[in-house]
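>>> below: sequence and its predicted model.
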Amino acid sequence: MITLRKASARGRADHGWLKSWHSFSFADYYDPAHTQFSSLRVINDDTVAAGQGFGTHGHRDMEILSYVLSGALQHKDSMGNGKMMSWGEVQLMSAGTGVQHSEFNPSPLEEVHFLQIWIMPNQSGLKPGYQQKHFPAEAKRGCWCLLASPDAAQGSLLLHQDARVLAALLDGEERLSYSVTPGRQVYLHVARGTVKAANMQLAAGDALMISDETAISMEGAAEAELLLFDLP
């Protein structure tokens, strides 16, 4: 079964300095039909104004990924990390027993556009941790690049869940497919651009929820950046 989730059907929040689209129930947005997908709990499509950001706040027992699409994002946390992220950077913060952190757009002129992703861990009370890695465009061009996994395979970030997060860049005549292991579910999110997947035309922010399928194929992309979540 393949279900289309249109970008326009997501929750919308406009705080002036922050404009966000919520794929799943979050903050003031609640949709009982879209509270999570397997262990995937949050995909927030956030745009933060120049010189603005999220003040220090806390999380616990959640695997939190940040995926920058444009601009730059400054991260600081109670573990002593203070790093900058730009396009190609992926950050994975394991909140575990508790972490305080902030995210700030240091540019005086440009917005920062990024995806905030939460995956529920397979156990609670873990020691908090922080990972960050740059994944170059050539590693994603026309193929799946493994960003995070439960065994840190292929140089990916270590994720405390039986889930895999992959990214791909497609343009023009490139074709791509993904085999789905029996009993697994897949969530495909179009971060930007357009692509034809499962014979459906998808635009930025659109997503497919896939279960009881053996594979999904993609083609006819125009500057598409895709994220795929392989979930239990």
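Cool, the structure landed.

>>> what residues of the strand ranked longest in the chain count as buried?
Of all segments of type strand in the chain, defined using DSSP state E, the longest is strand 215-231. Of all the residues in strand 215-231, those buried under the rule 16 or more other C-beta atoms under 10 Å are I216, M218, A221, A224, E225, L226, L227, L228, F229, D230, L231. From N, CA and C alone the C-beta is placed, and that goes for glycine too.

>>> from these, pick the one nearest Y187.
Minimum distance to Y187 across the buried residues of strand 215-231 is 4.3 Å, recorded for F229 (C-beta to C-beta).

>>> who's that closest one bridged to?
Using DSSP bridges, the beta-bridge partners of F229 come out as V165, Y187.

>>> try Q116
Beta bridges link Q116 to N44, S66, judged by DSSP bridges.

>>> start at 56, not 1
Will do, 56 is the new start, and the previous item becomes Q171.

>>> residue contacts, it?
V97, I98, N99, D101, I119, L120, S121 (C-beta atoms under 8 Å, 6 or more residues apart in numbering).

>>> rerun at 10 Å
By C-beta atoms under 10 Å, 6 or more residues apart in numbering, Q171 lies in contact with 75, 77, 81, 97-101, 109, 119-122, 146, 158.

>>> please apply the same query to S149.
S149 makes contact with 114, 116-119, 134, 176, 181-186, 212-215, according to C-beta under 10 Å, 6+ apart.
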